[in-house]
Every structure is written in structure tokens, then in C-alpha cells.
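Engineer: Starting from these lines, generate the structure:
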Amino acid sequence: MAEEQTVSLVDVLEEDEELEEEASAVLAGSDSDHCSYPQGYVRRQAVYSCSTCSPQGGEAAGVCLACSYKCHEGHELFELYTKRNFRCDCGNKKFSQQQCKLFPEKDDVNTLNKYSQNFFGLYCTCSRPYPDPEDQVEDEMIQCVVCEDWLHGRHLGCVTPDCVELQEMICESCMNKHSFLWTYAAHLAVSGAAVQVKQETEGEESNTNKEEKADDVIEPSCKRSREEAEPSCRLKELQAIGRKRDQSGAVFWPSAWRSKLCSCNTCKERLADGGVSFLLDESDTVLAYENEGKSNEQNRQGHDPLMSALDNLNRVQQLEIIHGYNDMKTELKDFLQRFAAEGHVVTPDDIRRFFEQQQSRKRRRDDAGRFYST
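Structural biologist: Numbering: from 1, shown residues only. Prediction:
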């Protein structure tokens, strides 16, 4: 008989803590009680699609966190992690049989929402579901910060760097769509792809110098003064350096790379025309959203509901409950730590025995109290 696999309490606690942190990061930044529709196109929020209400072949639609709980309970939902500038579709004309229970008065459609194959549970360039029952390869899914699709690591066309969770990724398709990003990639991207620096020949350098000198001679002084007054374009400065890199595969960017992008008027217009003005906003990142969610969750945990309930009790009752609560918490912690230190698995019988001991001690304290009472 094959030996039954067991998991130590340490493994369980670590996994549980990791899952709680992930949930706090994504969900704590969104409201679980109120539909986000009145807020308009929310800067970033957790978004879900309901395949029960919007099956593949129909119109793509997305709902907010609260509507996924209150309006689509029991439905088959696709968790899309987060989307930027999205407005909840729940109950609009895309849902012929479903009315929003939280905010029924909505426009027929949200014209500024952007949809992709993700809303039908398909991801990556391979357009497969995740998890994929037909895919036996364990592979990490990484989200592109521009199109917000999720891609398999093996389909990125590049080597995935270390500490990828602290970096942003732009897929090859989005890089080619916004080709000016390749110039930045040669200077700012995480090292990995071979970077080639263009070497000018002596003749080319000489010709370039001659042309620059000629321009200096014929350029009117009024034009020079006007250009000097305008901020320099960082993108043009990087292009002038001539550094190149292989323009294939996804590109990974280090933290704070957005702050190094040029924000001159010309570049702002280019970003706006391409629909990627958000690249100048460091608070747009998923990491910033996750950190905000964790902070919100910690603030909520800082307000202990037990202490709120104690406000309605008298002083004696408050002290009795606080002492009992602290005693049980300390004893439970010590009880579990023994298992963790020895690497043993906590069984249901162990938990049952702990609470039986707690009840036995409580009865002894109650009996002692009655014996000595006057």
C-alpha cells in the first residue's frame, strides 16, 4: 500500500497565510457589499465574468466583486483578477435574464469597457482555459500590463527573469503595437535579451557631425530659442544613442520604470493616441493596487469586532470576557505550536481533545467559584 501523504501544520499555516495575503491583495481593494457601477469606470478593481449568464458565443460582459456575490451566487464565474477603467455590466442589456440586485438602474452598455477572450475563460496566445485540463505542463501565467491578457511563461518568447512578481511584463504583440517602447526596452528593460549597441563608422560619424554643424549654421535664432524653451524629449535622446535590442518576445520591466518614460507634450500625445497614457501613472500598477488592498485589510483588522461588542457590557462582564478570550487564544497558540515544532499533523481528534480540555477547565473554575461564593 502506498504511504499516505501527510502535510505538517507548518505547511498548512504557511499556505493559508499566503492564500489570505493574495485574497486581501485583490479583494480588499474592491467593495464586496456595493455595486461599483455608480463610481463609473473604476481605475482598477476585481472583475468577474459569468459564463452562466454570458456563455461563449454571446456578448462579453464583466461584473464587479459585490455583484459576483449577490447577483451571481451559484453561477459559473471566471475570475479575471483585476481590470483597469472598467464599469460593472451586471444587469444591463447584455444580461437578458439577469437584473442587478444592488444597482438596477444602469445604462444599456458601457461603451468604454474593453473586453478580451479572458471574459470567456480563454487566455494567452494559445487561447486555452486556465487551469487547462488537457495541459499537463506546470507553467506560470503572467499578465501583460497593456492588454491585461494572461500568458503562459513558455509562450512569452523570452526567458522569464527572477523575482517576476516585482516586475511588469508587456507581451510581444503590445510591444509591436506600440513600437516606440522598443527604444525604452533597450535602455530600461530587465536584462536578458541580447542588447546590441549600434556602432557608427568614422565616416558616418563625420557626416553626422557635418550635418549637425550645417543645421547650426542655417537654423534661425528664433527657432533655436523656441526649442530651447521646450522640455527635451527623453525618447529622442535615447533614440540618438542608437542602442538596439532584439525586437521579439515579451519584455520585463523593473520597478519604477514608468517614471523614466518621457512626458513631453509630443510623447503624451503619442501615448494618448495609443490608449496607453496609464503607462505614465505609477499608481496604475497591479502591485500598487495589491499594496493598497493589503493596507485596507490591515486597517479593517485593526478594528477588533470583539472590542465593539464589549462596549455594550458592564465593566465586570468586559473583564471576564477579555480574560477568557486571551486565555483561550494563548492556550490554543501554545497547543498548535507544539505540533508545528515537531512537524506533526493536527488531526480532528486533537482539536476535539483541546476544546474538551477547555470545557473541563471552565467547569472546574465555575465549581470553584460557587464553592467560595458568599
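Engineer: distance of the most centrally placed residue in the chain from Ala66?
Structural biologist: Closest residue to the average C-alpha location of the chain: Val286 at 4.0 Å, with CA atoms, centre = their mean. Distance of Val286 to Ala66, computed by CB to CB, to the nearest Å: 20 Å. C-beta here means a position set from N, CA and C on the backbone, and glycine is covered the same way.
Engineer: neighbouring contacts of the helix or strand harbouring Ser173?
Structural biologist: Here Ser173 sits within helix 172-177, counting by DSSP states H and E. Applying CB atoms under 8 Å, 6 or more residues apart in numbering, the contact partners of helix 172-177 are 125, 144, 146-147, 156-157, 181-182, 185, 247-251, 274.
Engineer: And for Glu172, the neighbour number?
Structural biologist: Residues lying near Glu172 (other CB atoms under 10 Å) number 19.
Engineer: go on, Asp273?
Structural biologist: Using other CB under 10 Å: Asp273 sits among 10 other residues.
Engineer: Give me the buried entries from the contacts of helix 172-177.
Structural biologist: 144, 146-147, 156, 181-182, 185, 250-251, 274 (16 or more other CB atoms under 10 Å).
Engineer: how about the helices in the protein?
Structural biologist: 9-27, 65-70, 172-177, 181-188, 202-218, 221-229, 234-241, 265-273, 286-302, 305-310, 315-342, 348-372 (DSSP state H).
Engineer: By mean pLDDT, show me the worst of these.
Structural biologist: Note on those: helix 202-218 shows the lowest mean pLDDT, a mean of 42.
Engineer: which residues does the residue nearest to the centre of the chain contact?
Structural biologist: Contacts of Val286 (CB under 8 Å, 6+ apart): 44, 81-82, 143, 145.
Engineer: Need the residues you listed in CSV (columns: pLDDT and neighbour count).
Structural biologist: Output for those, formatted as CSV (pLDDT from 0 to 100; neighbours: other CB atoms under 10 Å):
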residue, pLDDT, neighbour count
Arg44, 93, 22
Tyr81, 91, 15
Thr82, 93, 22
Gln143, 96, 19
Val145, 97, 21
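Engineer: now, which of these sits nearest Gly57?
Structural biologist: Minimum distance to Gly57 across the contacts of Val286 is 23.5 Å, recorded for Tyr81 (CB to CB).
Engineer: hang on, isn't that closest one packed against Gln143?
Structural biologist: Yes - the criterion here is CB atoms under 8 Å, and Tyr81 meets it with Gln143 at 6.9 Å.
Engineer: ok now stretch 176-186, how far from the chain's centre?
Structural biologist: Remark: stretch 176-186 is offset 24 Å from the chain centroid, using CA atoms, centre = their mean, to the nearest Å.
Engineer: Dump it to CSV, keeping only the CA atoms.
Structural biologist: Taking Å, rounded to 0.1, in the frame of the first residue of the first chain, the C-alpha atoms of stretch 176-186 are listed here in CSV:
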residue,chain,number,x,y,z
ASN,A,176,4.9,45.8,-31.7
LYS,A,177,1.6,47.7,-31.5
HIS,A,178,3.4,50.5,-29.6
SER,A,179,6.8,50.2,-31.3
PHE,A,180,8.3,53.2,-29.6
LEU,A,181,8.5,51.0,-26.5
TRP,A,182,11.4,49.0,-28.1
THR,A,183,13.6,52.1,-27.7
TYR,A,184,12.9,52.2,-24.0
ALA,A,185,13.3,48.5,-23.7
ALA,A,186,16.9,48.7,-25.0
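Engineer: residues in contact with the nearest residue to Arg84 once chain neighbours are set aside?
Structural biologist: Nearest non-adjacent residue to Arg84, counting by CB to CB, 6 or more residues apart in numbering: Arg44, 5.0 Å away. Arg44 makes contact with 29, 82-84, 284, 286, 289, according to CB under 8 Å, 6+ apart.
Engineer: With distance to Gln359 as extra columns, can I get those in a markdown table?
Structural biologist: Shown next, in a markdown table, are those (distance: CB to CB, whole Å):
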| residue | distance to Gln359 |
| --- | --- |
| Gly29 | 41 |
| Thr82 | 45 |
| Lys83 | 50 |
| Arg84 | 52 |
| Asp284 | 53 |
| Val286 | 47 |
| Tyr289 | 45 |
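Engineer: any idea which of the residues you listed is closest to Ala341?
Structural biologist: Gly29 (36.2 Å).
Engineer: burial of the residue nearest to that closest one when sequence neighbours are not counted, as a residue count?
Structural biologist: Sequence neighbours aside, Gly293 is the residue nearest to Gly29 in space, at 3.6 Å (criterion: CB to CB, 6+ apart). By the criterion of other CB under 10 Å, Gly293 has 23 neighbours.
Engineer: From Cys90, how far out is Gly293?
Structural biologist: For Gly293, the distance to Cys90 - CB to CB - is 21 Å.
Engineer: Show me the strands in the stretch 51-200 of the chain, by range?
Structural biologist: 63-64, 77-86, 141-143, 150-152, 168-170, 195-197 (DSSP state E, counting those that start in this stretch).
Engineer: Select, out of those strands, the one closest to Phe354.
Structural biologist: For these, the distance to Phe354 is smallest for strand 77-86, at 35.5 Å, taking CB to CB.
Engineer: The closest one pairs with which strands, and in what direction?
Structural biologist: strand 42-50 (antiparallel) (DSSP bridges).
Engineer: in the partner strand, what's buried?
Structural biologist: 42, 44-50.
Engineer: Before I go, just wanted to say thanks for your time.
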